[in-house]
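Participant: I would like to see how this sequence folds:
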Amino acid sequence: DFEADYPAMVEPAYILFEGNGSGEFAFGCCTGHIWEASNTEATSIDFSWDGSDEMTEVAGDGSAQLQSDGSLHGEICYRYGDEYPFIARKWTSSTAC
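Facilitator: Prediction:
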């Protein structure tokens, strides 16, 4: 279990999927590059990732399912280690660029 402020410890926690099957995410001290994502159905995605956690190389996989409210419910899994559930909501910026 994490402290309530852990997900945004270094930067705001996020997960980003690009249309080409790549992406990135950050939570706590972990950052990851999604290098292979595939839609298993129109509302779900599986992905593999690699990155670092407190300067230690880490890798794993994950999955997410789109919910009727527009949020993503998923899990980021470290290879041979922990599994972390997440709920992501679309980020809308209130500032104009």
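
Participant: ok, Glu11 - contacts?
Facilitator: By Cβ atoms under 8 Å, 6 or more residues apart in numbering, Glu11 lies in contact with Ala26. (C-beta placed from N, C-alpha, C; glycine too.)

Participant: so what strands line up beside the helix or strand bottoming out on mean pLDDT in the chain?
Facilitator: Here the helix or strand of the chain ranked lowest by mean pLDDT, DSSP states H and E is strand 30-41, holding a mean of 86. Strands adjacent to strand 30-41 in the sheet, as given by DSSP bridges, are strand 23-27 (antiparallel), strand 44-53 (antiparallel).

Participant: would you list those in CSV and tack on mean pLDDT?
Facilitator: Formatted as CSV, those follow (pLDDT from 0 to 100):
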stretch, mean pLDDT
strand 23-27, 91
strand 44-53, 92
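
Participant: and these, which is most packed in?
Facilitator: strand 23-27 (a mean of 20; mean count of other Cβ atoms under 10 Å).

Participant: where in the chain is pLDDT low?
Facilitator: Applying pLDDT under 70 to the chain flags residues 1-2, 93-97.

Participant: so how far is the least confident helix or strand of the chain off the chain centroid?
Facilitator: 8 Å (Cα atoms, centre = their mean, to the nearest Å).

Participant: ok, residues contacting it?
Facilitator: Here strand 30-41 makes contact (Cβ under 8 Å, 6+ apart) with 10, 17, 21-26, 45-54, 58, 63, 76.

Participant: one step back: to Ala4, which of the strands paired with strand 30-41 lies closest?
Facilitator: strand 23-27 (12.9 Å; Cβ to Cβ).

Participant: Please work out which residues outside that closest one touch it.
Facilitator: Contacts for strand 23-27 (Cβ under 8 Å, 6+ apart): 6-8, 10-17, 31-34, 37, 47, 49, 76, 84, 86.

Participant: for the chain, what spans make up the helices?
Facilitator: Secondary structure of the chain by DSSP state H: no helices are present.

Participant: most centrally placed residue in it?
Facilitator: Residue closest to the mean C-alpha point of the chain, counted by Cα atoms, centre = their mean, is Ile15 at 3.9 Å.
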